[in-house]
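A.B. asks: missing the sequence, but the structure's below:
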């Protein structure tokens with residue numbers, strides 16, 4: 001057998017073996033690696049390379065070596081699930097770098113971290129002042145986890161006492177000009193509804209590269225022809241305007257009626273509708 005064919009066969013075999021090993025070891029092997037995972041990943045990759053190209057060596061011994069480097073970390077992963085001590089030994093533990101807005105210089109030296117490297121890590125998280133940081137920890141995978149001080153954290157709807165509806169993933173109801181019935185059913189819509197919405201914006205299914213229905217039931221589309229302008233969804237602004245008009249009408253009725261009972265009813269309904277508008281106004285404006 002020619003050597004080049006021999007190398008192709010060995011390379012394909014090593015590639016398949018390496019893929020199987022990686023799949024079994026799990027997603028941690030392709031994410032942020034710990035020290036041990038980094039070492040085993042490099043070793044298995046090097047062994048696969050040598051086994052593929054060194055035709056003078058016994059290929060079975062190369063696979064055996066790869067198997068050893070596969071079994072050992074797999075066994076350690078199972079043991080780490082059972083023992084915190086083993087997990088800390090092989091995966092390490094986090095180191096506190098900043099506490100109460102102050103840098104812990106001894107911990108920086110322990111991790112051989114310079115002030116410039118710490119500031120660089122903070123800048124990647126859009127943080128430019130150490131004094132804004134309440135707590136920062138260098139995780140075992142090398143990532144820096146940061147907690148800002150409470151007065152420096154972004155304002156959220158919860159801080160403002162607002163209640164928002166739960167967002168659900170948008171459903172891709174049209175892909176490459178073809179209607180997808182399963183996502184359409186998941187969104188609680190029908191083909192008739194979809195064609196009606198497309199007619200409103202003046203496009204056909206064949207012209208849509210991607211169409212999505214969000215949790216509010218609004219259809220947004222991306223067309224093949226990017227020069228075409230697609231009207232923005234107007235259902236929510238129209239609903240908000242209608243609610244405000246109804247509330248204004250109720251106030252007008254309460255001012256013009258001579259019947260005291262009707263006046264009280266109109267005022268009460270107007271106030272209740274005003275409160276309801278306040279609860280949903282943010283969502284309807286978005």
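C.D. replies: Arrived safely, thanks for sending. Please read all numbers here as calculations on a predicted model, not as lab measurements. Numbers count the residues shown, from 1 in each chain.

A.B. asks: ok, now which ones touch the closest residue in space to residue 44 that isn't next to it in sequence?
C.D. replies: Distances taken as Cβ to Cβ, 6 or more residues apart in numbering place residue 69 nearest to residue 44, at 4.9 Å, with adjacent residues excluded. No exception for glycine: its C-beta is placed from N, CA and C like everyone else's. Contacts for residue 69 (Cβ atoms under 8 Å, 6 or more residues apart in numbering) come out as 40, 43, 44, 47.

A.B. asks: quick check, nearest of the residues you listed to residue 75?
C.D. replies: For these, the residue nearest residue 75 by Cβ to Cβ is residue 40; the value is 11.4 Å.

A.B. asks: Report pLDDT for that closest one.
C.D. replies: Listed pLDDT for residue 40 reads 72.

A.B. asks: helix or strand for it, which one?
C.D. replies: Element membership of residue 40, judged by DSSP states H and E, is helix 35-53.

A.B. asks: With residue 209 instead?
C.D. replies: strand 208-213.

A.B. asks: returning to what we had before: before we move on, which element is the residue nearest to residue 44 in?
C.D. replies: In this assignment (DSSP H and E), residue 69 forms part of helix 59-82.

A.B. asks: Tell me the strands beside the strand holding residue 209, with direction?
C.D. replies: Sheet pairing here is set by DSSP bridges, and for strand 208-213 it gives strand 171-175 (antiparallel), strand 219-223 (antiparallel).

A.B. asks: And the helices in the stretch 101-250 of the chain?
C.D. replies: Ranges of helices within the stretch 101-250 of the chain are 105-110, 115-123, 181-186, 191-201, 235-256, based on DSSP state H, counting those that start in this stretch.

A.B. asks: returning to that earlier point: got the angle for the helix or strand just after the helix holding residue 69 vs helix 59-82?
C.D. replies: Sequence-wise, the next helix or strand downstream of helix 59-82 (DSSP H and E) is helix 84-91. Counting by axes from the mean of the first three to the mean of the last three Cα atoms, to 10 degrees, helix 84-91 lies at 130 degrees to helix 59-82.

A.B. asks: Contacts for the very next helix or strand once past helix 84-91, please.
C.D. replies: Downstream of helix 84-91, the first helix or strand assigned by DSSP H and E is strand 95-99. For strand 95-99, contacts defined as Cβ under 8 Å, 6+ apart pick out 103-104, 107-108, 110-111, 113, 118, 130, 133, 135-138, 144, 146.

A.B. asks: Buried subset of those residues, written for ChimeraX?
C.D. replies: Those of the contacts of strand 95-99 that count as buried under 16 or more other Cβ atoms under 10 Å are selected in ChimeraX with:
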select :103,107,108,113,118,130,133,136,137,138,144,146
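
A.B. asks: where in the stretch 1-150 of the chain is pLDDT low?
C.D. replies: Along the stretch 1-150 of the chain, the model assigns pLDDT under 70 to residues 1-4, 6-7, 10, 14-15, 18-19, 21-38, 50, 52-57, 59, 90-91.

A.B. asks: Look up which residues are beta-bridged to residue 145.
C.D. replies: Under DSSP bridges, the beta-bridge partners of residue 145 are residue 137.

A.B. asks: How many residues are close by it?
C.D. replies: Using other Cβ atoms under 10 Å, the number of residues around residue 145 comes to 12.

A.B. asks: Present the helices of the stretch 101-250 of the chain as TSV; the columns should include distance to residue 156.
C.D. replies: Shown next, in TSV, are those (distance: least, Cβ to Cβ, whole Å):
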stretch	distance to residue 156
helix 105-110	31
helix 115-123	22
helix 181-186	29
helix 191-201	32
helix 235-256	21
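
A.B. asks: so which of those gets nearest residue 51?
C.D. replies: Among the helices of the stretch 101-250 of the chain, helix 115-123 comes nearest to residue 51, with 37.9 Å by Cβ to Cβ.
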